[in-house]
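Undergrad: got a sequence here, can you model it:
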Amino acid sequence: MNNKHAVTKRIAWGMVLLLLAGLMAVVKVAAEQPLTKDDVTLLLLGGASSEKIIALVEQRGIDFQVNPDLAKKFHDSGASDELIEALQKASKKAQASAPAAVAPAPQSNPSAAAAPAAAASGSQPVSAPATPRKGGGGLGDPSPDQVQGIIQEFAAKEKLFKTARDNYTYHQINKVQELGADDEVVGVYEQEWDILYDDSGKRIERVTYAPVDTLKRIGVTKEDLDSMRNIQPFVLTSDELPEYDIKYLGHVKVDEITAYVFSIRPKEIRKGHQYFQGTVWVDDRDLQIVKTEGKTVPEFKTKKGENLFPRFATYREQIDGKYWFPTYTMADDTLYFSAGPVHIKQVIRYAEYKQFKSKVRILSATPTDQPNAPPVTAPPKKK
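TA: As a prediction, the model looks like this:
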């Protein structure tokens, strides 16, 4: 999103610095104690830099275990990937130095206990370790070699998923709300698209609903539309793997399934390209992404303008019993422009997935593989 009005306003940093000074004083008083979860959260909310917090973590250690859910909470509060990694290292160090628990009686055949569970869940593309480590969610972690195998396999399945989705038509609803001081809706952008395919196999986009844009302090840009098309329904195929750093975070339960959790970030930012940065959850049976949470990068803040992106979460559901397709994206975030913060909500719905078999050519539509082409508008629906 970009800011419509070039309003020059200085932010009152005095209060922020005062709060930070107070927090650092508290930290100094208890310098001999390991950092608690609340200590880290307060430092993040107070605006302490990741470098400063990392130094404190390395100096004092922490008194808690970092699981994927807690890592996500810290990330949402502004923690960098480097800080998350430092906290995870400190967590493992604290766990290693903790008093050893009484070991259970050994089994005559440790792998036998795991066999019924493996048989019940069906054949697994990546075998579980005979003596799994315990992750943050209480589930067994794969070995480092198995983690690499999981990454390669789910990326290969994502490539199949991308090809399969290119053979489906669907309806996409895009809605952005601008909120006021009391969280009331003060402006709305909305468009609905039919995603179709012509006889040459090219994906095309037909706008079916486009009421008047009433956003006041922000505007939806070409980069925002590109994000709605390509980043928010994020797909990480084997072709894109070399572009990203991928780190295993843990093995957790998500609703009715269990999943491997990975941190994803681009290795480098190429000019004119958009990337995903955040976390993905990979179903540990199908080895397909079932949830994505993060944001579009890079953001732009120059003298010519600003383009900021909200943090979002995208959820997938199994379609036709085979592929996990995105069905819902939600964002509720504050974008901090130089002219002042803007609170927005965004919802994207993907519906009516149908396998495309018709050879009828669809005209008057926008090819979605040509991001510079403006969308074809249609008259608003009658109310």
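Undergrad: just checking, what packs against the host helix or strand of residue 148?
TA: Following DSSP states H and E, one finds residue 148 within helix 144-165. Packing partners of helix 144-165 (3 or more CB pairs under 8 Å, 6 or more residues apart in numbering; DSSP states H and E): strand 257-266, strand 323-337. All C-beta atoms are positioned from the backbone trio N, CA, C, and that covers glycine.
Undergrad: could these go into CSV alongside mean pLDDT, distance to residue 309 and mean neighbour count?
TA: Converted to CSV, the helices and strands packed on helix 144-165 look like this (pLDDT from 0 to 100; distance: least, CB to CB, whole Å; neighbours: other CB atoms under 10 Å):
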stretch, mean pLDDT, distance to residue 309, mean neighbour count
strand 257-266, 95, 14, 21
strand 323-337, 94, 8, 18
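Undergrad: could you dump those to JSON lines with distance to residue 307?
TA: Shown next, in JSON lines, are those (distance: least, CB to CB, whole Å):
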{"stretch": "strand 257-266", "distance to residue 307": "17"}
{"stretch": "strand 323-337", "distance to residue 307": "10"}
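Undergrad: residue 352: which of the ones you listed is closest?
TA: Among the helices and strands packed on helix 144-165, the nearest to residue 352 by CB to CB is strand 323-337 (10.6 Å).
Undergrad: now the angle between helix 144-165 and that closest one, please.
TA: With axes from the mean of the first three to the mean of the last three CA atoms, to 10 degrees as the basis, strand 323-337 and helix 144-165 are set at 100 degrees to each other.
Undergrad: what pairs with strand 323-337, and is each one parallel or antiparallel?
TA: Strand 323-337 pairs in its sheet with strand 312-319 (antiparallel), strand 340-355 (antiparallel), by DSSP bridges.
Undergrad: okay, these, which one's buried deepest?
TA: Greatest average neighbour count among the strands paired with strand 323-337 goes to strand 312-319 (a mean of 19), per mean count of other CB atoms under 10 Å.
Undergrad: domain parsing for the chain?
TA: Structural domains assigned to the chain are 14-97, 161-367, following automatic domain parsing.
Undergrad: weakest of those domains by average pLDDT?
TA: Ranked by mean pLDDT, these bottom out at domain 14-97, with a mean of 76.
Undergrad: residues touching residue 303, list them.
TA: With contact set as CB atoms under 8 Å, 6 or more residues apart in numbering, residue 303 has no partners.
Undergrad: can we start the residue count at 665 from this point?
TA: OK, 665 is where the count begins now, so the last one is residue 967.
Undergrad: quick one, which of the domains of the chain is nearest to residue 665?
TA: Comparison of the domains of the chain against residue 665 by CB to CB identifies domain 825-1031 as nearest, at 4.4 Å.
Undergrad: where do the strands sit along the stretch 715-864 of the chain?
TA: Assigned by DSSP state E, counting those that start in this stretch, the stretch 715-864 of the chain shows strands spanning 797-798, 804-805, 832-843, 849-861.
Undergrad: the third one pairs with which strands?
TA: Each strand paired with strand 832-843, and its direction, by DSSP bridges: strand 849-861 (antiparallel), strand 1004-1019 (antiparallel).
Undergrad: let's have those in CSV, adding distance to residue 912.
TA: Listed next are the strands paired with strand 832-843 as CSV, based on distance: least, CB to CB, whole Å:
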stretch, distance to residue 912
strand 849-861, 33
strand 1004-1019, 28
